[in-house]
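S.K.: Could you work out the structure for the sequence below:
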Amino acid sequence: MSYCHNCGMRVQETDSFCPECGTKLHQCKQESVQLHGYVFTNLRILSAKSGMSVEMVRSVLDKFILWRGYQGINYLLLDVSDYHSPFTGDKIYSLTAEDGWFAHQQLLTDRYCYDVDHCGHDVSYLFIIGGHDVIPMPKVGEHCCEREDQIDSDLPYGMLYGRKTEDMLLDRTLFQVPQMLHVGRLPLSPKREDVYMELETFIDRTITMAQNGLSGISLYGQVDPHWKQVSFAVAEDFVKSG
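M.R.: All right, here's what the predicted structure looks like:
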C-alpha cells in the first residue's frame, strides 16, 4: 500500500492521482539494480569552467557511473543546474553556488527521501564533483565566530537535518545521530584549461584501476570519516569558548 506524498491519504499502486486531494502521484519504478549513491555536481558550471559542452562533461561522468556499476556501486547523477523533483512533477530547479549550501542540501534531501522512503534503495554514498564554486562547501559557525574560525565541512551533505544541521554540528549533537551519506569530494583546478583534463584523468585512472581488479570500496576514496573527526575537534573548541 502506498500513500499520497501531499496529504498522506492511502492510494492504490495503480492510481495516477490521489483520490483525496487530486495530487499527481509519482510512482517509483522499482529497478532491478539497487541505487547506492549520487554523483552530485552542477553540469552548467563545469561546462563553463572547462569550455566544454554540457554533453561532453556529462559523458565523462556517465563513464564513471558505468564503471562503478560494473563494480557493484550504482550511482545516479544529480545535476543541480537541471533538477526535476520526483515530488513536484514538472518543476525544474536550477541552482548556482551563490544559492548556498542549504539550498543544495534541500535538493539532495528531496532526492534522498524519494529514493530511500519511496523506492527502498540503500543510498549510502555521495560523490561531489567540483570545488566550492561548483557545489558550495558549508561554512558553519558564521553567527558565532570570526570568518577565519568557521568550520569548512561537507558533513551537512551527509547528515540531512535541514537548518538544524549547523547548530547540531556546533553543539556536537550531530555526532550522536545517524549519518545518511558518506561524502567524498573531487575538487578541480581553478584554471579553465585544466578542469576537463583533471576530470577526465581522474575518471580514466579510476577505470584503469578497476580493470586491474581493485574493488569499488577501495576506489571510492571516501574522506569524511577523517573530516568528521576534525570537525568534532573544532566544534569542541567552539563549545568551550562559549
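S.K.: Look up phi and psi at residue 186.
M.R.: Main-chain torsions, residue 186, degrees, to the nearest 10: phi -110, psi 100.
S.K.: Please name the residues that touch the closest residue to it other than its chain neighbours.
M.R.: In this structure, residue 186 finds its nearest non-sequential neighbour in residue 129, 5.4 Å apart by Cβ to Cβ, 6 or more residues apart in numbering. For the C-beta atoms, the positions are set from N, CA and C on the backbone; glycine is no exception. Residue 129 makes contacts with 39, 40, 41, 46, 61, 135, 185, 186, 188, 199, as judged by Cβ atoms under 8 Å, 6 or more residues apart in numbering.
S.K.: got a winner among the residues you listed for most neighbours?
M.R.: Using other Cβ atoms under 10 Å as the neighbour criterion, residue 40 leads these with 27 neighbours.
S.K.: give me the element that residue is part of.
M.R.: strand 37-41 (DSSP states H and E).
S.K.: Work out the sheet partners of that strand and label each with its direction, please.
M.R.: strand 75-79 (parallel), strand 125-129 (parallel) (DSSP bridges).
S.K.: Distance to residue 175 and mean pLDDT added to the ones you listed, as JSON lines?
M.R.: Listed next are the strands paired with strand 37-41 as JSON lines, based on distance: least, Cβ to Cβ, whole Å; pLDDT from 0 to 100:
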{"stretch": "strand 75-79", "distance to residue 175": "26", "mean pLDDT": "95"}
{"stretch": "strand 125-129", "distance to residue 175": "18", "mean pLDDT": "94"}
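S.K.: out of the ones you listed, deepest packed?
M.R.: Ranked by mean neighbour count, those are led by strand 125-129 with a mean of 24 (mean count of other Cβ atoms under 10 Å).
S.K.: how near is residue 201 to residue 85?
M.R.: 33 Å (Cβ to Cβ, to the nearest Å).
S.K.: between the two, which one's more packed in?
M.R.: The neighbour count for residue 201 versus residue 85, taken as other Cβ under 10 Å, is higher for residue 85 (15 against 11).
S.K.: report the longest helix in this structure, please.
M.R.: helix 192-211 (DSSP state H).
S.K.: Pull that one out as PDB, backbone CA atoms only.
M.R.: Extracted in PDB, the C-alpha atoms of helix 192-211 (Å, rounded to 0.1, in the frame of the first residue of the first chain):
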ATOM      1  CA  ARG A 192      39.900  26.700 -17.200                       C
ATOM      2  CA  GLU A 193      42.300  24.800 -19.300                       C
ATOM      3  CA  ASP A 194      42.900  22.200 -16.600                       C
ATOM      4  CA  VAL A 195      39.300  21.400 -15.400                       C
ATOM      5  CA  TYR A 196      38.200  19.000 -18.100                       C
ATOM      6  CA  MET A 197      41.700  17.300 -18.200                       C
ATOM      7  CA  GLU A 198      41.700  16.800 -14.400                       C
ATOM      8  CA  LEU A 199      38.200  15.400 -14.500                       C
ATOM      9  CA  GLU A 200      38.900  13.000 -17.400                       C
ATOM     10  CA  THR A 201      42.200  12.000 -16.000                       C
ATOM     11  CA  PHE A 202      40.600  11.000 -12.700                       C
ATOM     12  CA  ILE A 203      37.900   9.000 -14.400                       C
ATOM     13  CA  ASP A 204      40.300   7.200 -16.700                       C
ATOM     14  CA  ARG A 205      42.600   6.400 -13.700                       C
ATOM     15  CA  THR A 206      39.600   5.000 -11.800                       C
ATOM     16  CA  ILE A 207      38.700   2.800 -14.800                       C
ATOM     17  CA  THR A 208      42.200   1.600 -15.200                       C
ATOM     18  CA  MET A 209      42.400   0.700 -11.500                       C
ATOM     19  CA  ALA A 210      39.000  -1.100 -11.800                       C
ATOM     20  CA  GLN A 211      40.300  -3.100 -14.800                       C
END
